[in-house]
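# What shape does this take:
(2 chains)
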Amino acid sequence: MPERIIEIQSLTKKFGHFEAVKNVSFHVNQGDVFGFLGPNGAGKSTTIRCMLSLIKPDSGSIKIFGKSIFTHRNEILSKTGSIIEKPDFYKYLSAYKNLEIFSRLSSQSVSKEEIYKMLDFVGLGGRERDKFSSFSHGMKQRLGIAQTLLHNPDLIVLDEPTTGLDPQGIIDIRNLILRLKNEQGKTVILSSHNLAEIEIICNRMVIINKGVSVVEGQVSELMNQEDLVVRLELSNKTAAKALITDQYPGIKITDINESCIEIPLEKSKISALNKALVHAGVGVFSIESKRKLEDYFIKMVSA
Amino acid sequence: MIFIKSIYNEVIKIALKPRSYLGLAAITVLVGVILFALKSDGMSIISFVTSSFEQTLSFEGNVLNGNLVAFIILQMLIVQIPLLVALVTGDLVSGEAAMGTIRMLLTQPISRTQLLLSKFIAGGIYTLMVIVWLGFMSVIMGKLLFGAGDLMVLNSDGLVIIQEADVNWRYLGGFLVAFLALFTVSSLSICLSCFTDNSIGPIVTTMAIILLFTIIGTLDVHVFDSIRPFLLTTHMASWRSFFEDPLPIQEIKNSILILCIHNVVLIGISVYVFNKKDITA
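Coordinates of the predicted model:
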């Protein structure tokens, strides 16, 4: 059984009368890239802030590395790197100076060379002396990543790390997270609105909605509970629709264009359907199956 | 060790913030203007003050000397200095919240109390720099431009003449008490800064409080008699006590004690509020 790095039990936080987080429980295992999903205002940020002791919960327990954040805050934070919402640094200081400021507060001593190396690693080599205020959003994100990784933490909490990045930047961050997991065994919590990103990177996830954890588990297992979305490109759409309705009564058929339809179907039934269509004289030009986290997410949060 | 590093961080942040130099620049300009005015037409101002004593006293030597110039400068500027201090210290916590850096700081392995105390100490160091600069500009520049001499001070009891050899330690004592008073202003602004995420609010509120206390302190209304001795502003002028003869030691001790109590209370409130505060910014 994998070691549990984070264990959150019955977490509740109210702001006045508004209950931002209601009885949320989940756990994160050692080496997980854990997706933290939820619509805006779902309570993701509040939960992450509670985990990092920025917000004091009204009730519940938060254990990180087996210890309570309320009693072992400094010890836990010394092994944790995080970006909350967006990386904010001192506008009047350079990238190097900003990292130097934060490195002084970390548990490990970080040399000048290591700061330069980290800036180079995140693609800010040559911009060390530029002021933070002159940076683009993507560069700010990269500096945030650099600050997060500078003291070589075991647990990394990233809140929307790819927001504002160009496509290459998004791929770089994605690869970086996978490298941190695969090569260094780091545990990563990734809060993101980019569902495709979660689907590609994360092995486990929790969905939070209206302050409540809706579902938690392995991404692949949760997705397998759902039918695939199968897109068929056909020579005769009308005949195909009649056959499909006959074989699977009540099935929802979505028209995509003159020759394409989409249907929800179990993987094991795709081959049989293909045979039936061909047997009925309907030409099948292409079959494309996909499982959409987006659909699953919408289903979960609207339930 | 991390506490020392945090203090160093806070000092560096103040030192690299352009706003921090506004106060020093303002002192340089204000003192420069006063020195220029006194150099151009200082004797006529002095004659106006001494004219009432000329029938009973004769003034010899360099009356308008560096010691008197420094005293005039301090008397004129000590009211403005709190604004210059609050401009920097009032921003130390709320400015971090407004910028969002408070989140980054509070996810580092340093306790909130240590972080806040390092800000108080850095604020104190900045206040000391302001006072040292004011001392340099008034006493040193005053003596360089106007020469040394006995100090003639006019206070409510009459005219006090302090021998030249007796002046320097009085200035040192006066500056130390002025530093304590300004440090209290710094503590007040940092304390207010803990209550808000707005960068300007604590600076304006600090000045409003000082203005209000000054008005209460100067209004000759009996209803304020009981609170007046405990107001911060009452003791902000205590540096002047060092230029009385005999030295009112009990009065000075009392001021120091009240200012220290102010600081302890303000720092205590700040630590409590900051530790309880939810960081939602």
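# Get me the contact residues on chain B for chain A.
Within chain B, the positions near chain A by Cβ under 8 Å from any Cβ of the partner chain are B:2, B:5-6, B:8-9, B:12-13, B:16-18, B:99-101, B:103-111, B:276, B:278-280. Glycine gets a C-beta too; all of them are placed from N, C-alpha and C.
# at 6 Å what do you get?
When proximity is defined as Cβ under 6 Å from any Cβ of the partner chain, chain B approaches chain A at B:5, B:9, B:17, B:99-101, B:103, B:106-110, B:278-279.
# which residue sits closest to the closest residue to chain B within chain A, ignoring its sequence neighbours?
Nearest residue of chain A to chain B: A:Asp88, at 2.9 Å (Cβ to the nearest Cβ). Closest residue in space to A:Asp88, ignoring its immediate chain neighbours: B:Gly100 at 2.9 Å, by Cβ to Cβ, 6 or more residues apart in numbering or on different chains.
# so where is the chain shaky, pLDDT-wise?
Just so you know, I chose chain A. For chain A, the stretches with pLDDT under 70 are A:1, A:224-227, A:291-292, A:303.
# think we crossed wires, I meant chain B
Applying pLDDT under 70 to chain B picks out residues B:48-55, B:57-59, B:156.
# show me where chain A has strands.
Ranges of strands in chain A, per DSSP state E, are A:4-15, A:18-29, A:33-37, A:59-64, A:67-68, A:80-83, A:155-159, A:187-191, A:204-209, A:212-218, A:228-234, A:254-255, A:260-265, A:284-290.
# Just the angle for the last one relative to strand A:260-265, thanks.
Using axes from the mean of the first three to the mean of the last three Cα atoms, to 10 degrees, the direction of strand A:284-290 lies 50 degrees away from that of strand A:260-265.
# If you count neighbours, what's buried in strand A:284-290?
By neighbour count on 16 or more other Cβ atoms under 10 Å in any protein chain shown, the buried set for strand A:284-290 is empty.
# now the angle from the longest helix belonging to chain A to strand A:155-159?
Determined from DSSP state H, the single longest helix within chain A is helix A:167-184. Taking the same axes, to 10 degrees, one finds helix A:167-184 and strand A:155-159 inclined to each other by 160 degrees.
# For the stretch 151-281 of chain B, which residue gets nearest to chain A?
B:Ile279 (4.0 Å).
# so that residue sits right up against A:Leu54, yeah?
Yes. With contacts counted by Cβ atoms under 6 Å, B:Ile279 reaches A:Leu54, the gap being 4.0 Å.
# Mind listing the shared neighbours of the two?
Taking Cβ atoms under 6 Å, 6 or more residues apart in numbering or on different chains as the criterion, B:Ile279 and A:Leu54 both touch B:Leu106.
# can you tell me which residues contact residue 189?
Just so you know, I chose chain A. A:34, A:36, A:157.
# other chain: chain B
By Cβ under 6 Å, 6+ apart, the contact set of B:Ser189 is B:86, B:89-90, B:202, B:206.
# and which of those is nearest A:Gly60?
B:Pro202 (33.3 Å; Cβ to Cβ).
# Report the secondary structure element holding the closest one.
Using DSSP states H and E, B:Pro202 maps to helix B:201-218.
# Can you name the residues of the stretch 1-150 of chain A that neighbour chain B?
Residues of the stretch 1-150 of chain A lying near chain B (Cβ under 6 Å from any Cβ): A:52, A:54-55, A:74, A:77-78, A:82, A:84, A:88, A:92, A:101, A:104-105, A:107.
# Residue of chain B nearest chain A, please.
For chain B, Cβ to the nearest Cβ, closest residue to chain A: B:Gly100, 2.9 Å.
# Just send the contacts of A:Ile189 back as CSV, with neighbour count too.
Shown next, in CSV, are those (neighbours: other Cβ atoms under 10 Å in any protein chain shown):
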residue, neighbour count
A:Phe34, 26
A:Phe36, 24
A:Val157, 25
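# could you dump these to TSV with distance to A:Asn23?
Formatted as TSV, the contacts of A:Ile189 follow (distance: Cβ to Cβ, whole Å):
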residue	distance to A:Asn23
A:Phe34	19
A:Phe36	17
A:Val157	21
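# quick one: which of those residues is nearest to A:Pro167?
Distance to A:Pro167 across those (Cβ to Cβ) is lowest for A:Phe36, with 23.0 Å.
# just checking, the closest one touches A:Ser191?
Yes. With contact defined as Cβ under 6 Å, A:Phe36 reaches A:Ser191; the gap is 4.0 Å.
# Need the overlap of contacts for the two.
Residues touching both A:Phe36 and A:Ser191 by Cβ under 6 Å, 6+ apart: A:Lys44.
# Can you give me the distance of the residue of chain A closest to chain B to B:Met104?
A:Asp88 is 6 Å from B:Met104, where distance means Cβ to Cβ, to the nearest Å.
# ok, back up a step: now the buried members of the residues of the stretch 1-150 of chain A next to chain B.
A:52, A:54-55, A:77-78, A:82, A:84, A:88, A:92, A:101, A:104-105, A:107.
# Would you enumerate the residues in contact with A:Lys79?
With Cβ under 6 Å, 6+ apart, A:Lys79 has these contacts: A:153-154.
# Tell me how far it lies from A:Phe36.
Relative to A:Phe36, A:Lys79 is positioned 19 Å away (criterion: Cβ to Cβ).
# Whichever strand or helix holds B:Ile4 - contacts with which helices or strands?
Using DSSP H and E, the element containing B:Ile4 is helix B:2-16. Using 3 or more Cβ pairs under 6 Å, 6 or more residues apart in numbering or on different chains; DSSP states H and E, the elements in contact with helix B:2-16 are helix A:95-104, helix B:112-135.
# hang on, B:His262 is in a helix, isn't it?
Yes. Under DSSP: H, G, I helix; E, B strand; the rest coil, B:His262 falls within a helix.
# mind listing what the residue nearest to it when sequence neighbours are not counted touches?
Closest residue to B:His262 apart from its sequence neighbours, by Cβ to Cβ, 6+ apart: B:Thr184 at 4.8 Å. When contacts are counted by Cβ under 6 Å, 6+ apart, B:Thr184 touches B:232, B:259, B:262-263.
# in what helix or strand does B:Ser199 lie?
Counting by DSSP H and E, B:Ser199 is found in no helix or strand.
# before we move on, which element is the closest residue to it other than its chain neighbours in?
Setting aside the residues directly before and after it, B:Ser199 is nearest to B:Ala98 in space (Cβ to Cβ, 6+ apart), at 4.3 Å. Secondary structure assignment for B:Ala98, by DSSP H and E: helix B:94-99.
# roughly how far out does that helix sit from the chain middle?
Mean C-alpha position of helix B:94-99 versus that of the full chain (Cα atoms, centre = their mean, to the nearest Å) differs by 24 Å.
# For that helix, enumerate the helices and strands it packs against.
Helices and strands touching helix B:94-99, by 3+ Cβ pairs under 6 Å, 6+ apart: there are none.
# Pull the residues that contact that helix.
Residues from elsewhere that reach helix B:94-99, judged by Cβ under 6 Å, 6+ apart: A:88, B:102, B:193, B:196-199, B:202, B:281.
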